[in-house]
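Asks: coords please:
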Amino acid sequence: MQISNSIIRVIIPAYNEADSISLVVAAIPDVVTEVIVVSNNSSDDTIINARKAGATVLEEKNRGYGYACLKGMDYVAQLNDNTDIIVFLDGDYSDYPEQLTELVNPIIEDNIDFVIGARVKSLREKGSMTAPQIFGNWLATTLMSILFKSTFTDLGPFRAIKYDKLLALNMEDKTYGWTVEMQLKALKRKYSYVEIPMKYRNRIGVSKVSGTVKGAIFAGVKILTWIFKYGFKK
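Replies: Numbering: from 1, shown residues only. As a prediction, this is how the structure comes out:
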């Protein structure tokens, strides 16, 4: 498979990301076939700005990261053409969309099933991850290492996966557990996976999860619930 011949679609969940979404869409490399922005009941100009930037825009009224991702997947499933790779990317401009080619390269060159963009400390802008995020990532990946012997170091939302492999995971989480569910199910199915170190910067605007105490607690509970559910599942 060559990157120029690959059909790559990007799904971007976005809740009130009017100030950043056009920057995200514009920075995505031309190798991508389609950029799909899913407005997660936004009340600002996210939809308008995403359309102006050239993205396909969907609307998901149910609030929740997983709801938005599933909406994007439903859209892709109804298309007439094939899809080789799905990339998930946040709409807050904290990731560097131009690194997408690095992210998908292991799939294309080495036939890897699943790739995580790891927000390594050496490449992170100061303050770009909160203390709860850093601790939560450490705890989750440590537990996955103990229970599944995994080598994940991050639950980074910037990720790429073969489309057929994604469908086989039967994703179901509607809110904060989406990323960890994907990683746990990939481990259970023994998918090949790698992490690629990625740059990470302070997001535009305030995080809807780590930026609030309620969001951080709910995310932590959801992540731990998924880990223990799969860790002790026969």
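Asks: any idea of the pLDDT on the residue nearest to residue 114 when sequence neighbours are not counted?
Replies: Leaving aside its sequence neighbours, residue 114 sits nearest to residue 193 (C-beta to C-beta, 6 or more residues apart in numbering; 4.2 Å). For glycine as for every other residue, the C-beta is placed from the backbone atoms N, C-alpha and C. Listed pLDDT for residue 193 reads 98.
Asks: any idea how far residue 193 lies from residue 230?
Replies: From residue 193 across to residue 230, the span is 15 Å (C-beta to C-beta, to the nearest Å).
Asks: Could you do residue 173 as well?
Replies: 12 Å.
Asks: Work out which residue lies at the spatial centre of the chain.
Replies: Nearest to the mean C-alpha position of the chain, by C-alpha atoms, centre = their mean, lies residue 157 at 3.1 Å.
Asks: for it, what are its contacts?
Replies: Residues near residue 157 by C-beta atoms under 8 Å, 6 or more residues apart in numbering: 88-90, 95, 179.
Asks: if we can go back for a sec, more neighbours: residue 173 and residue 230, which one.
Replies: residue 173 (21 against 18; other C-beta atoms under 10 Å).
Asks: Please look at the more buried one and residue 222 and confirm they touch.
Replies: Yes: applying C-beta atoms under 8 Å, one finds residue 173 in contact with residue 222, separated by 7.4 Å.
Asks: Which neighbours do the two have in common?
Replies: Between them, residue 173 and residue 222 share no contacting residue, judged by C-beta under 8 Å, 6+ apart.
Asks: Residue 98 reaches residue 29, doesn't it?
Replies: Yes: Residue 98 is in contact with residue 29 according to C-beta under 8 Å; the separation is 6.2 Å.
Asks: For residue 234, give me the pLDDT.
Replies: Confidence score, pLDDT, at residue 234: 50.
Asks: do the same with residue 175
Replies: Reported pLDDT for residue 175: 88.
Asks: could you measure the closest residue to it other than its chain neighbours against residue 230, distance?
Replies: Take residue 175 and drop its neighbours on the chain: the residue closest to it by C-beta to C-beta, 6+ apart is residue 64, 4.0 Å away. According to C-beta to C-beta, residue 64 and residue 230 sit 20 Å apart.
Asks: Quick one: end-to-end length of stretch 70-84, please.
Replies: End-to-end span of stretch 70-84 (C-alpha to C-alpha, to the nearest Å): 17 Å.
Asks: Okay, buried residues for it please.
Replies: Buried residues in stretch 70-84, counted by 16 or more other C-beta atoms under 10 Å: 70-73, 75-76, 83-84.
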